[in-house]
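Asker: Provided below are the primary sequence and the corresponding predicted coordinates.
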Amino acid sequence: MREQLENIKIQAEKELVNAQSIQELENIRVRFLGKKGELTSVLRGMGALSPEERPVIGQMANDVRAILEARLDEAARQLASKERQEKLASEVIDISMPGRKRSFGKKHPLTQVIDEIKEIFLGMGYQIAEGPEIELDYYNFEAMNIPKNHPSRDVQDTFYIDDNVVLRTHTSPVQARVMKTQKPPIRVICPGRVYRSDEVDATHSPVFHQIEGLVVDKGVTMGDLVGTLKEFARALLGENTNIRLRPHHFPFTEPSAEVDVSCWGCGGSGCRICKGEGWVEILGAGMVSPKVLRECGINPYEFSGFAFGMGVERIALSRFNIDDMRLLTENDVRFLKQF
Ligand code: DAH
């Protein structure tokens, strides 16, 4: 039996040296040390030994097992490290290869315009105010001096939730919300989504965006309004931009005006953008009506203010030379990523 054990050891070690893979090592382990392996079958024959010999052979068998297990482990380690070396040597990294391009998302053209306008007014010391899109009739109309029989309340234009609640038709109600909660001096712009029951076409949508502006302080004049809008127009459209005011009517301002900017396409001589006019209308504005101030808890004898409201889509379309508003909301990435 000694001899047998000796042979097992020699034979197993010889095979270990030649083993080329982890799988081969495993085969060797099973063959020599497994339940039905050679070492085990030698141990089974121990019953035939004399009592003196038994512990000696037992000890020897354990030694052989321990040695072989250690050798197997060692061989496995070596094989693994050899495999790693070979892999490293065979995998070449070509640092001159062009990298994989990652495509970054970008801001929607409307968001770009809104952010740009916000930036301009923040630079003039304005704060940003927001109000709910689902608005009380009171703020949307009543507080803005739009009485019950005013045409803009017509069911044609306004989405009513119930008698008292509407989808806001403009951002002007944020004016009332601000005046009722803040004391002058007030300088805010209020960007946001507004809703009107319009048919969808190239220039209309039932959902669009406005940016409202409101300034209330002591001694605010129409001159301040004109100066502010001129500064704004120049910052948005370029140094040489001019503005003009045409008299108009809004219930919440007195006097009121529609404000045009000189066309950024042609500078005033007439082109496709301004439809030959030389001017493009971009907003409505005026001096805040004393009625509105009073309704919102501000004494019109002490304070005065101006307000303005512009449509963002209109500005974005002409800025990016887009001829159909629907393109902005169809979410075709191929279209949107041009801007
Ligand atoms: N709310 C008006 C609209 O939706 C726009 C507007 C006009 C806002 C004059 C104003 C303003 O603040 O003073 O048509």
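Answerer: Arrived safely, thanks for sending. Numbers count the residues shown, from 1 in each chain.
Asker: can you tell me the SS state at Arg65?
Answerer: At Arg65 the chain is in helix, as set by DSSP: H, G, I helix; E, B strand; the rest coil.
Asker: gap between it and Val92?
Answerer: Distance from Arg65 to Val92, counting by C-beta to C-beta, to the nearest Å: 44 Å. Every C-beta, even on glycine, is put in place using the N, C-alpha and C of the backbone.
Asker: what about the two, which has more around it?
Answerer: Per other C-beta atoms under 10 Å, whichever of Arg65 and Val92 has more neighbours is Arg65, with 19 against 7.
Asker: ok, that one to Asp73 distance?
Answerer: From Arg65 across to Asp73, the span is 13 Å (C-beta to C-beta).
Asker: again with Leu214
Answerer: Separation of Leu214 from Asp73 (C-beta to C-beta): 80 Å.
Asker: neighbour count for the two, which is higher?
Answerer: More crowded of Leu214 and Asp73, by other C-beta under 10 Å: Leu214, with 24 against 11.
Asker: give me phi/psi at that one?
Answerer: Backbone torsions of Leu214, given as degrees, to the nearest 10, read phi -150, psi 130.
Asker: kindly report the same for Glu231.
Answerer: According to degrees, to the nearest 10, Glu231 has phi -60, psi -50.
Asker: what number of residues lie near Gly311?
Answerer: For Gly311, using other C-beta under 10 Å, the count is 18.
Asker: just to check, it is in contact with Glu212?
Answerer: No: Gly311 is beyond contact range of Glu212, at 11.0 Å (criterion: C-beta atoms under 8 Å).
Asker: the ligand contacts on this protein?
Answerer: Residues of the chain found near the ligand (C-beta under 6 Å from any ligand atom) are His170, Ser172, Glu212, Phe250, Thr253, Gly284, Ala285, Gly286, Ala307, Phe308, Gly309.
Asker: dump those to CSV, plus neighbour count and pLDDT.
Answerer: Output for the residues of the chain next to the ligand, formatted as CSV (neighbours: other C-beta atoms under 10 Å; pLDDT from 0 to 100):
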residue, neighbour count, pLDDT
His170, 24, 96
Ser172, 29, 97
Glu212, 24, 98
Phe250, 22, 95
Thr253, 25, 97
Gly284, 22, 97
Ala285, 25, 98
Gly286, 25, 98
Ala307, 25, 98
Phe308, 22, 98
Gly309, 24, 98
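Asker: hey, where'd the helices end up in the stretch 51-200 of the chain?
Answerer: 53-90, 109-123, 137-140, 173-181 (DSSP state H, counting those that start in this stretch).
Asker: which of these sits closest to Val333?
Answerer: Among those, the nearest to Val333 by C-beta to C-beta is helix 109-123 (12.4 Å).
Asker: contacts for the closest one?
Answerer: Residues outside helix 109-123 that contact it (C-beta atoms under 8 Å, 6 or more residues apart in numbering) are 107, 128, 189, 191, 209, 211, 213, 232, 235-236, 310, 312-313, 315-316, 319-320, 322, 328, 336, 339.
Asker: contacting residues for Val207?
Answerer: Residues in contact with Val207 (C-beta under 8 Å, 6+ apart) are Arg193, Val194, Tyr195, Thr329.
Asker: tell me the bridge partners for it.
Answerer: Beta-bridge partners for Val207, by DSSP bridges, are Tyr195.
Asker: distance check, it against the ligand.
Answerer: Taking C-beta to the nearest ligand atom, to the nearest Å as the measure, Val207 falls 14 Å from the ligand.
Asker: report pLDDT for that residue.
Answerer: You'll see Val207 listed with a pLDDT of 96.
Asker: surely Arg246 is in a helix?
Answerer: No: the assignment for Arg246, made by three-state DSSP, is strand rather than a helix.
Asker: ok, and the helix or strand in the chain with the lowest average confidence?
Answerer: Ranked by mean pLDDT, DSSP states H and E, the helix or strand of the chain with the weakest confidence is helix 38-44, at a mean of 81.
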